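Enquirer: pasted the sequence and its predicted model underneath.
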Amino acid sequence: MTKIGILLGSLRKESFSKKIAANVAALFPEGMEAEFVEIGNLPLYNQDFDDENNAPAEYTTFRNKMKEIDAVLFVTPEYNRSVPAVLKNALDVGSRPYGASVWSGKPAAIISQSPGNLSGFGANHHLRQSLVFLNMPTVQQPEAYIGNVAALLDENGKLKDENTVQFLQTFADAFVDLIKRHQA
């Protein structure tokens, strides 16, 4: 069983990122298990914790969980033309202590979304910059920018636009192909 960890850039209970991620998780084939990974409880990264061998329990739990994950799907809004702090913090926590990154070599995919037209373009590209440094091979095409997200979801959080579902299926298939290439 291949484990795909889903990290969300929004902490809201009813976040659009969570709804889009749930829809995409249902598109993965049998043998691919998607799991939401909690990042909202991580204290802000401080290297002193690792240097003094006093990392918070939340860091250890998160790092151990990510070691069990085979690939990562990031679904995020854009905050101030960049990545939300909660997501950047998770990347930092997982990349340390130096030389023990939980990210290296794990296939990744990014979906950015927005209630507006820009569809989280800035967050998507800033996140890609970090993933290059973290050595995470990332789905290049198709790129997934979901604009006007509220209009695409029904009252139960399900995608109601068939073209969007078909696009996200193509995206999920590309991610699965990337994962399989890196497992071979």
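Expert: Received, thanks.
Enquirer: next one, pLDDT for residue 184 please.
Expert: Listed pLDDT for residue 184 reads 83.
Enquirer: quick one, what contacts it?
Expert: By Cβ atoms under 8 Å, 6 or more residues apart in numbering, residue 184 lies in contact with nothing. Glycine gets a C-beta too; all of them are placed from N, C-alpha and C.
Enquirer: for residue 158, same thing?
Expert: By Cβ under 8 Å, 6+ apart, residue 158 lies in contact with residue 23.
Enquirer: next, it: phi, psi?
Expert: Recorded main-chain torsions at residue 158 are phi -90, psi 140, according to degrees, to the nearest 10.
Enquirer: how close does residue 69 get to residue 75?
Expert: Look at residue 69 and residue 75: by Cβ to Cβ, to the nearest Å, they are 15 Å apart.
Enquirer: the two: who's more crowded?
Expert: Remark: of residue 69 and residue 75, residue 75 carries more neighbours, 30 against 18, as counted by other Cβ atoms under 10 Å.
Enquirer: what's the host helix or strand of that one packed up against?
Expert: Using DSSP states H and E, residue 75 sits in strand 71-76. On a contact count with 3 or more Cβ pairs under 8 Å, 6 or more residues apart in numbering; DSSP states H and E, strand 71-76 meets strand 2-8, helix 16-25, strand 108-113, helix 121-133, helix 162-183.
Enquirer: got JSON lines for the ones you listed, with mean neighbour count and distance to residue 152 too?
Expert: Below are the helices and strands packed on strand 71-76 laid out as JSON lines (neighbours: other Cβ atoms under 10 Å; distance: least, Cβ to Cβ, whole Å):
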{"stretch": "strand 2-8", "mean neighbour count": "21", "distance to residue 152": "17"}
{"stretch": "helix 16-25", "mean neighbour count": "22", "distance to residue 152": "8"}
{"stretch": "strand 108-113", "mean neighbour count": "26", "distance to residue 152": "9"}
{"stretch": "helix 121-133", "mean neighbour count": "17", "distance to residue 152": "17"}
{"stretch": "helix 162-183", "mean neighbour count": "16", "distance to residue 152": "5"}
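Enquirer: to residue 92, which of the ones you listed lies closest?
Expert: helix 121-133 (9.0 Å; Cβ to Cβ).
Enquirer: any residues touching the next helix or strand after that closest one, and which ones?
Expert: Sequence order places strand 144-146 as the next helix or strand after helix 121-133, per DSSP H and E. With contact meaning Cβ under 8 Å, 6+ apart, strand 144-146 is reached by 20, 109-114, 119-121, 124, 152, 164, 167-168, 171.
Enquirer: of these, just say which sits nearest to residue 81.
Expert: The closest of the contacts of strand 144-146, once distances to residue 81 are taken by Cβ to Cβ, is residue 121, at 8.6 Å.
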